[in-house]
Each structure stands twice: as C-alpha cells, then as structure tokens.
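K.L.:
need a 3D model of the sequence below.
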Amino acid sequence: MPKTFYSIVAVLFCTISFAQNSINLKGKIIDDVTKLPIESATVYLSSTKDSTLIDYTITDKFGKFDFKIKKNDKPVYLKVSFVTYDEYKINLDNVAADRDFGTIAMKVAINNLDEVIIKKETPPIRIKKDTLEFNAASFKVRPDANVESLLKQLPGVEIDTEGKITVNGKEVNQILVNGKPFFDKDGKIALQNLPSDIINKVQVSDTKTKKEEQTGAAASANTASINLTIDENKNKGFFGKFMGGTGSDKRYEASTLVNYFKNKQKISVLASSNNINATGFSMDEVFDNMGGGRNRSVWVGDNGSFGINGRNFGGNKGITESNLVGINYSDDWFKDAETSLSYFYSGANSKNTNRTSLTNFLPSGNFTTNSNSNTIEDRYVHNVSSLFEYKIDSLTTISIEPNFTKSNNKNRNLSSQTSFDATNALLNESNSNNFYENDNDTFNNTLSFSKSFKRKGKSLSLVFENENANTNENEIVKSNTIFYQGTDPDDVRDQTNNSRNRSENYRTEIEYFQPITDSLQVKLGVEYKIDRNKDRRNSFDFDTTTGTYSTVNNELSNAFNSLERTVTPNTGMAYNSKKMNLNINVGTTLINYDNDSDYLNVKTTLEKEYVLPYINAYGGYRFSKSKNIWVNYNYSYTLPTARQILPVEDLANPLNTIIGNSNLDLNQNHGIYFSYRDFDYATRSGYGTYAGGNFYDNQIVSSTTFDANRKRTTSYENVSGTYNSWIGFYWNKSIKKEAHKYRFELRSNNNFGLSKGFTDGELFSAKTLSFSPRANFTYEYGELLTVNPSYSYTYNKTDFTNYVIASASNFTHKLNLQVTSFWPKNWTFGNDFGYTYNSNIASGFKKDFYLWNTSLSYSFFQKKLMAKVKVYDMLNQNQNATRSITATSIRDEENVVLKRYVMFSLTYKLEKFAGKEKKSGGMMWF
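P.N.:
Okay, the predicted model is just below:
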C-alpha cells in the first residue's frame, strides 16, 4: 500500500507542477486572399538550435489553435504548415508567458503544387486530400523499437489486446511497405519485425480495391490502409535478427528474419521453430511469444491462437510444435511495372486432450452428453502469392494476382461419449478410433484491367476472378455406438471413406462510368458468375476374409453435384464532392441453379430459377477533416447446398441422419451498417459509435427430431423475421505532460439477435444479448516505464419462447496488468498479470484462473546482443475452460493448455544501411 500511495502522490505532484509551469499559445489561421479559416493546418514548435520537435496541434474547423506547453526560455520556431500553402514561421526568443498570435494569414504557394515540400523539417501531421500522413521522426520511441511501437505513439491510432488496429475508429485491414505487401497485405509481420527508425512516413487512407485504385473511384469499404514509407537513407541495406532459446520441460524456440533492401528491390526471409504455441518471430522485447493474446507478430486471437495467410495454429487447445519458412520479394522489373512475390511453408504438430459437457434442451426433456477425446494432428501448408501490375500508359493499367496453395492435414482422434436424460437414465454411448487425412490444392487469381479517359470520371474496368480447388479426404472409421432405449440396433463400423470435392468458381465484371458533371457519374455494369461443385464419397467396409477394406457400403456412398449460373445487369450513380460521396447501384439478379445426386443407384435432380433484386448503396459525409459519418445498405442472398436441398439421406454420422428438403428456399437478407467518428488532433481525443445488422426475409435453419435414444434426424426449413445486430461505441484520449503520457480508452461492443428453429417439430425462438464493455489505461514515463491496466466484462443472455427453458446466461471478468521497466540502462523487465473468471460453468470445470508471465532481458555489445530469461505462467494456473450458449444447448469445454515453463534465449541484431553498420544509440532520459 505505501508504494502505491507514494506513486499516486508522485504523479499528482508532477501534474500540479506542470500546470504551474505551463503556458497557453493560441491563434487563428486563415487564407491570405479569401480570409476563410484553414482547417487541419499543423501548428508546431521546434528548437531553433537542432529543429527538435517540442509540441504540435491541429487547427479546428474555425482555423483556431490552442495548446499548452511547458515554459521554455530558449529560442524556438512557431511554424504553420498546410498543403498548397507556403510555410509560415515565427522566430521566438522564448515562450515564457501566455501568448495570443491573433490571426495568421497564409499565402498559397506560387507553384500551386498539391503538396508543399518543407526542406528543413516536416510537420508531425499532414492531411492531404484523403490521406493522413504522420512524420515518423516527430514521434519519440525507444531506439530499438519496432513499427508497432511507433504506431502506438500516433494520435488516433489504437491497437487492442488482440492486435486489431484502428485509426480514428476505422479498422485497418491492409498494411503496405512502400506501397507493396510485406509477406501479406495484413502487414502484421512488418509491424512486429521492421525497426521503427527506418520509417519515414506513416500514411493512412481508405482501403481500395485494385479497380478503385486504378480508376480513381472512391473506396467502397469502410476500412483503412496504412502505407509505411522507408527513409531514403535506410532503403539500401541489410538488417535482421537471429534468436535461439531453450527452456524447462524440453521447451525451445528459434527464429530468424533477414531483410535486404536496395531501393525498389526488397528481399526478406524468415524462419521459426518452437513448441510453445507461438509464431516465433516477434521483436517484442518483453512478452514476445508468451501468448495469452499478447503475441501479435502475425494474427493472434484472444485465446492465444495465431495464423498466417489464413492458416491457424495454437489457440489454447493443446500443445503445438510449429515450423515456418517464408520468403518475400518485391521489385520493379522495368519501367511502369511492379512485382511482388511471397512463399510460405508452415507445418505444425498439435496434441490435445478435450473434455466436454453438452446439455441439449428438448420439449420432451433435456439430455446431457459427456465426452472425452485425445487428438494428434499434423498439418502443413505451402503457399505462393504474387502481384504483377503494369501501367500500359498514363490512363491504362492491368494487374494479375495469382495465388497457389497446397495443404495437408492428418488427424487421429480417440474419443468416447455417453448421453443421459434428466433422470440420469443412460441413452447411448459410443467409442471411436478414427484417422482422417485431407489433401487440398487451390488456385485463385484476379485479373484487373482499367482504362481512364481524358475526361475526369470517365472510365472502363474489367475484372475476372477464378478459384479452383481439389480436395481429397481419406478416413478410417472404427466406432461402436450402443443405444439403450427403444429398438434401434447398435451401430458398429470398421470402414474407410474416400471423399473427393472439386469446386470451380468464375466471376466476370464489366463496369463503365460516364461523368455527367464534375461530381456526378452514372454507371452501367454487368456481372456473370459460374459456381460448380462436385462432391463424391465412396465407403468400404472391412472384409475379414481378405483382410482389406473392399466391401462397398452403398448406404454411405453418394455423389452430389451443383451448378449455379448467375447474371446481374445493373446500373447506378456515384456522387463525389469535397464533403460527401454517395454510391447507389441497382439491378436484377437472374439465377439458374441445378442440383443432382446419385445414391443407391437412384438419381435425383432438381432445377430452380430465381429472380432477385440487386441493391448496394453506400456513402459518407465529412463534417470536417476529422468528423465523418458512413452508411451502407445491401440486399444479399445465399443458396442452399446440394445436400440441404436434395431429399437424399446422409448416414455418415451414426448419431445424426441428414435429409435435404426439396422445398427449401434461399437465404435473403438486408444488411445495414452505420458509423460516426470524430478525432480532435488538437486535444488528442476521439470518440465514435457504430451499429449494423442483418435482417432476414428468409433464412435456412435446421429442423431436428430426436428418438428415444436421442439419435437425431436433421432436415432444413425456412423461417423469417430473424436478425443479428450490433451496436458499439468507443472513446479515447491522450494527455502528454513533459515525460508523462496518459492514454485512456473506453469501449463497448453489444450484440442483439433473434434466431428460430425446429426441435421435435415445434418452432422455437431465441433472443440473444451480449454486452461487452472494456476499459484500458496506459501510463508512460518517458522511455523508462510503462504501466497498462485493462478490464473487460462480457455478459451473455438468451431468452427462449416456446422452449423447455425460459432463459440461460453467463458472464466473464478479465483483468490484466502489464508493467514494463526499461531501467536501469540496457535492462528490460516486464510483468504481465491476468485474472479470468467465468460464471455459471458446469460442475467439475474450474471457474477462474490467474496467468502471470514475466521476463528480464539485458542488451550488450552495442545493443547487438540481448540475453533474456522469461517465465510463462509463473503460478502454474493457466487453463482453458469455456462456456458457450446457443439457441438449443449449453456447452462447457476444457482443453489442454501450455503450462509453466522457463526459457533462456539469446538474440543477435544486425543493421547495415548504405554499406555502413548502424552504431549503437544511447537511450534518451528525462
């Protein structure tokens, strides 16, 4: 308690001291000719001695600026910068008292370029048309920090505990390096592994498709893209890191990442191997590969899972040993041609023990299934992705994006389960020993051609996409299912199943835009799509005479085929002005859907035709440079699968027989989204709200009946009036006072839904509510100390109508505290402590646990070497017990998780730019 008290007193003392020694600077920026206020001009103070940035602010919509700084008795410059205007500069002998600069008139640059080049220094922030640009050198980070650490210092940029990045509330879904992907467009590898001191600019803009980039059209997605530009002095060199570690319980980790940059040519190689459920190539000096949602070098879920290019590993479900190799290459082979290539190999072996309790709610009485399983899984993926873009002339561009993937997955599962009714009477039990192998080959490609014309807004575009996939599955099933109620015979299987799936998807789109005015365009377009799917399964029982799987099992062998042909002629309009953009597209979708099957030598065919409306509208309004609103509406559909729509039995699961419904209609829904965002760069605070949902005119749902043994028969029906929706808000604010920086964040995500279904022939409905507030606070004392407490609460409730129970609910608490010290010099000491509580979980499952990770590292040999010791799960309490509630069941599940280990590692860093090795730079102390 005394330590905490003294810390609070120290913080209050520093705050009061700053207030007493601060002064206020204010003024107004206008255009020299029109006398109109200039919004979003950058006003900043820099030292006249060495141009060091002291502080900055941004003018509001009235052109006013007002900010507090500490008194300074040394000469400084007050500068004002805005694109298309000459820089305004005032030389001040000191800033020792409050000052009102009155009205400052800026002159338009004589050359009238889109951007003014500031030779001496660049302002910390620029807003240029639709791009927000940060000058990396203006934001202090530790000398050995990575790009993610730099982003965290930028106003309006938020990175949550799952690694999701937002800028002014807009989610970032693409990160590029000099305009090109770095291994993948999600850019997470670049964030964690590129050093921040090589970055020149961080540019934020709306994410556009290739077609929109090439034609100059407004972005149709409500997401953001970040482009990292490399400093010219650092764009020619060699840098990387090598790490190896060994630990207790035979734990190990090793990784390397090497980069070679030579102007436009960039080559990067990465590799890793470990058995601690980690990607293995993070530059985070503190919590790098200790999971728990804290490792974000690629993609990490809140359960510690991670993935690369859609391939997921870990997830607190078992122990994973993973190996990874990747190569990334980008270059401009010749004038007006851009090329990027990447290759990934990822392999993993996972072992897991699972325990599950599943309670099913039925009108005739509840029943519970308890199951246990042991799983061993081996998988690998080869992936080659590329982008080739060629600018034929100043108005014509063609690009091609081929992608090849080959994957293999082997899974051995040993499981047992028993089912009891509400009176504890045994219903059924089963044991199985199954082996499964899946081999998949996929090729997809996007070809884009666009031509703009001399008249602004006039363009023609052609897009062709294809995806071709072949999947072979081989399964050996050895199972024994015993039924204790009724007259159903027991089900004993010793068989092999071979399944082959082939899918071919092609889409072509042609669009022509014709301007009516400078702001208004009309569009004519057509889309044609072919989706073909062939699914065949052959089953063979074990022949005791021959000792082989040679007896054809006709009841489990079948073939399903489907062919969808769709054409959508459409027209629309696009309005784009300085304040508003609006796009409305309408048309008609004509669908021809053919399905057929072959089962027990009986061929079944079904042809359906649909005529549906096509509506897609989106737009935004910009109240100011930082305040905007976005709306989106679309009408969409999804077709039922051949297995859902053909009245053919599928007996693959001994406890669930599936039969299609030939009268089934398609899914039809209205999608709506709305968002409002505001971020004030002057006060470094922002807030926003968003809402959306899918509202179904028609939805496909399961219709399940149970016999006395609780063996299921599942078919499909249509319901209407269902929906899933969400609403949320966020608020954040940063305060900087000398060496003290405070960052506050409040966020709430809430979901509402109505689902329907059929159980034993009776229609039920379930209203769901999920309420998830979160609070986060970060305190930084210069480059010496970071304290980051956070708390989140999640409440889930489901209310039933015409069902055996009235409602079900549960809640979770998650409390986390991260404390990182960078003192004394060259030492880094971090602690990550978390507490999780899960209410209302079934008996036999632990409700809460603590997770404490800690690490201590020391840098030496001019910071080229770093020795580290870290302890994962210090208290040895980590667990994975979860509860999930659906409309028909409650599921409690527990999996094996990584437990306590100690790891010793050594990391070597190398940086050479322009033939010169980087010298060690000392830390800056406050």
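
K.L.:
ok, the residue nearest the centre of the chain - contacts?
P.N.:
In the chain, the C-alpha nearest the mean C-alpha coordinate belongs to K164, at 5.7 Å (CA atoms, centre = their mean). The contact partners of K164, taken as CB atoms under 8 Å, 6 or more residues apart in numbering, are E171. C-beta: built from backbone N, CA, C; applies to glycine.

K.L.:
and what of D541?
P.N.:
R493, D494, Q495, Y549, T551, V552, N553 are the contacts of D541 under CB under 8 Å, 6+ apart.

K.L.:
one more time with 7 Å, if that's ok
P.N.:
Taking CB atoms under 7 Å, 6 or more residues apart in numbering as the contact definition, D541 lies against D494, Q495, Y549, T551, N553.

K.L.:
what helix or strand is it on?
P.N.:
strand 520-543 (DSSP states H and E).

K.L.:
next, count neighbours for the closest residue in space to N802 that isn't next to it in sequence.
P.N.:
Using CB to CB, 6 or more residues apart in numbering and skipping residues adjacent in sequence, the residue nearest N802 is F764, 4.9 Å away. Counted with other CB atoms under 10 Å, the neighbours of F764 add up to 19.

K.L.:
quick one: buried residues of the strand holding D541?
P.N.:
521, 523, 525, 527, 529, 531-535, 537-542 (16 or more other CB atoms under 10 Å).

K.L.:
quick check: mean pLDDT of it?
P.N.:
Strand 520-543 shows a mean pLDDT of 96.

K.L.:
pairing partners for it, with directions?
P.N.:
strand 491-515 (antiparallel), strand 548-552 (antiparallel), strand 558-576 (antiparallel) (DSSP bridges).

K.L.:
who wins for proximity to L785 among those strands?
P.N.:
Closest to L785 of the strands paired with strand 520-543, according to CB to CB: strand 558-576, at 47.7 Å.

K.L.:
correct me, but Y329 touches I267?
P.N.:
Yes - applying CB atoms under 7 Å, one finds Y329 in contact with I267, separated by 5.4 Å.

K.L.:
follow-up on the earlier one: mean neighbour count and mean pLDDT added to the strands paired with strand 520-543, as TSV?
P.N.:
Formatted as TSV, those follow (neighbours: other CB atoms under 10 Å; pLDDT from 0 to 100):
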stretch	mean neighbour count	mean pLDDT
strand 491-515	16	95
strand 548-552	13	94
strand 558-576	18	96
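
K.L.:
can you add distance to L154 and give those back as CSV?
P.N.:
Converted to CSV, the strands paired with strand 520-543 look like this (distance: least, CB to CB, whole Å):
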stretch, distance to L154
strand 491-515, 35
strand 548-552, 61
strand 558-576, 28
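
K.L.:
just so I know, which of those lies nearest A469?
P.N.:
Per CB to CB, nearest to A469 of the strands paired with strand 520-543: strand 491-515, 4.9 Å.

K.L.:
so what's the gap between that closest one and the chain middle?
P.N.:
Centre-to-centre, strand 491-515 and its host chain are 25 Å apart (CA atoms, centre = their mean, to the nearest Å).

K.L.:
go on, stretch 736-750?
P.N.:
22 Å.

K.L.:
now the helices for the stretch 251-400 of the chain?
P.N.:
Counting by DSSP state H, counting those that start in this stretch, the stretch 251-400 of the chain forms no helices at all.

K.L.:
Three-state assignment for the residue sitting furthest away from the middle of the chain, please.
P.N.:
Distance to the chain centre peaks in the chain at T545, reaching 54.3 Å (criterion: CA atoms, centre = their mean). Taken by DSSP: H, G, I helix; E, B strand; the rest coil, the conformation at T545 corresponds to coil.

K.L.:
just list the residues touching it, thanks.
P.N.:
With CB under 7 Å, 6+ apart, T545 has no contacts at all.

K.L.:
now it: how far from T551?
P.N.:
9 Å (CB to CB, to the nearest Å).

K.L.:
same question, T103
P.N.:
93 Å.

K.L.:
ok, E338 - contacts?
P.N.:
K180, D332, E389.

K.L.:
give me the low-pLDDT residue ranges for the stretch 801-926 of the chain?
P.N.:
For the stretch 801-926 of the chain, the stretches with pLDDT under 70 are 914-926.
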